[in-house]
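Chemist: 3D model of this:
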Amino acid sequence: MLRACALLRRQDSPVVPAMWRSLASKDWRTTEKEEASCMFQAHMLCSMDPAHAAVEAEFRKELVAHCVGVIDAFVDEPIPTTFHVKVSEALQGLGIRHENEVKDVVGRRYLDIVLIDFPKVCIQVDGPIHFTCNTRANMGPTRARDELMRHDNWKVIQVKFFEWRAFYQEYRSTSRGGTADVSKARQMYMKRLLTDNGV
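Modeler: Next up is the predicted model:
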């Protein structure tokens, strides 16, 4: 709820301070990793607004220190998905140097792909769990991730699974005999996506 209020820029609502105070009165030291991640994001999002940054400041300082400890204790280097690997291979085919699963210490997160020759540009490879089923809009955690990254001066380029698939299907339908070079199609998609994002 706190994260949702922050995303909607409702930090000035009296509900938010009340929620922080309510949280301060509970045994939040038993939080699990997912809860800790949500509270950390909520704090970071709210801190972006000077009018809200001071609310329950001392408690939030203690809470964030706890959440960081929980997150760091559970965060292992992620294993790239098959989708991620395919995107990385397409970039390699285009000769674009990059690193996979780069740890961002400040944001307590891993960035899917970071471009080496383009400072502060990352690519997030997002599968179905990042989107609503009906409208294909970004889910709350994904919106929070991207907003926080942009606040940290990252340029975020999102590879959406449904656009990735649709591009190949369109490419295949226009190819001679209905066949297509899958690698070439993926490279074309990434080249267009990067160009559209000014890279």
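Chemist: so where is this structure shaky, pLDDT-wise?
Modeler: Where the chain drops to pLDDT under 70, the residues are 1-33, 46, 49-57, 59, 66, 70-77, 105-108, 176-180.
Chemist: which residues in it form strands?
Modeler: Using DSSP state E, the strands of the chain run over residues 98-104, 109-115, 121-126, 155-160.
Chemist: helices or strands next to the third one in the packing?
Modeler: On a contact count with 3 or more CB pairs under 8 Å, 6 or more residues apart in numbering; DSSP states H and E, strand 121-126 meets helix 82-93, strand 109-115, helix 140-151, strand 155-160. C-beta: built from backbone N, CA, C; applies to glycine.
Chemist: quick one: strands adjacent to the shortest one?
Modeler: Listed by DSSP bridges, the sheet partners of strand 155-160 and their directions read strand 121-126 (parallel).
Chemist: what would the strand it pairs with look like as PDB? C-alpha coordinates only.
Modeler: The C-alpha coordinates for strand 121-126 follow below in PDB (Å, rounded to 0.1, in the frame of the first residue of the first chain):
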ATOM      1  CA  VAL A 121      21.900   2.400 -19.800                       C
ATOM      2  CA  CYS A 122      20.400  -0.900 -18.800                       C
ATOM      3  CA  ILE A 123      18.000  -3.300 -20.500                       C
ATOM      4  CA  GLN A 124      15.400  -5.100 -18.400                       C
ATOM      5  CA  VAL A 125      14.100  -8.300 -19.900                       C
ATOM      6  CA  ASP A 126      10.600  -8.600 -18.700                       C
END
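Chemist: how about residues contacting it?
Modeler: 81, 83-84, 87, 91, 98, 102, 111-115, 142, 145-146, 149, 154-161, 199 (CB atoms under 8 Å, 6 or more residues apart in numbering).
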